[in-house]
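>>> give me a 3D structure for the following:
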Amino acid sequence: MKLDLVKIVGVSAAGKSTLVAGLRRLGYNARPVAQEHSQVPDMWQRIRPPNWLIFLDADLAAQGERRPDVSWDEPWRRTELERLAHARIHADLVIDTSLLSPESVLNQAVSFLQISSVEAASGPLAALPRTGSVWHQGGRPDLPSG
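Next comes the predicted model:
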């Protein structure tokens, strides 16, 4: 059985890696996309376009709580949201994870996939390496201008 590809995209520290891990444990073919670091607006759909796109958002306070090692600020967040705008517009599901537990985020995603008749494998899929994809430069995410 060929499983639908579910790509997870969103702001840094929104829970992309955690959601991907949870979905894969349940047999869904989920993969993260580090779109927030790319200046290519449609990177999320290149190479292998997804059948389903889930966008995770989190407010600045939640990002700071989840990644206290990074100096988050509003200009940085605006840059990241600009880079994610194309993906957000095309997302099949948007979840604001700011006030949600990882389990609640997983439950919302699974409910959506089930309602959408997305099939899962009969057992867990192999885990993927966690991205933890915030690159640092002087204690800040490295977001080159462009």
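
>>> what's downstream of the longest helix along the chain, the next helix or strand?
With secondary structure taken from DSSP state H, the chain has its longest helix at helix 74-90. Scanning forward in sequence from helix 74-90 by DSSP states H and E, the next helix or strand is strand 93-96.

>>> tell me the mean pLDDT for that following strand?
On average, the pLDDT along strand 93-96 is 98.

>>> which strand or helix spans the closest residue to L99 other than its chain neighbours?
Nearest non-adjacent residue to L99, counting by C-beta to C-beta, 6 or more residues apart in numbering: A62, 7.5 Å away. Bear in mind the C-beta positions are built from the backbone N, C-alpha and C, glycine included. If you go by DSSP H and E, A62 is part of helix 60-66.

>>> CA-only coordinates of that helix in PDB, if you can.
What follows is helix 60-66, C-alpha atoms only, in PDB (Å, rounded to 0.1, in the frame of the first residue of the first chain):
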ATOM      1  CA  LEU A  60       6.400  34.400  20.200                       C
ATOM      2  CA  ALA A  61       5.900  33.600  23.900                       C
ATOM      3  CA  ALA A  62       5.500  29.900  23.200                       C
ATOM      4  CA  GLN A  63       8.500  29.900  21.000                       C
ATOM      5  CA  GLY A  64      10.600  31.500  23.700                       C
ATOM      6  CA  GLU A  65       9.400  28.900  26.300                       C
ATOM      7  CA  ARG A  66      10.200  26.000  24.100                       C
END
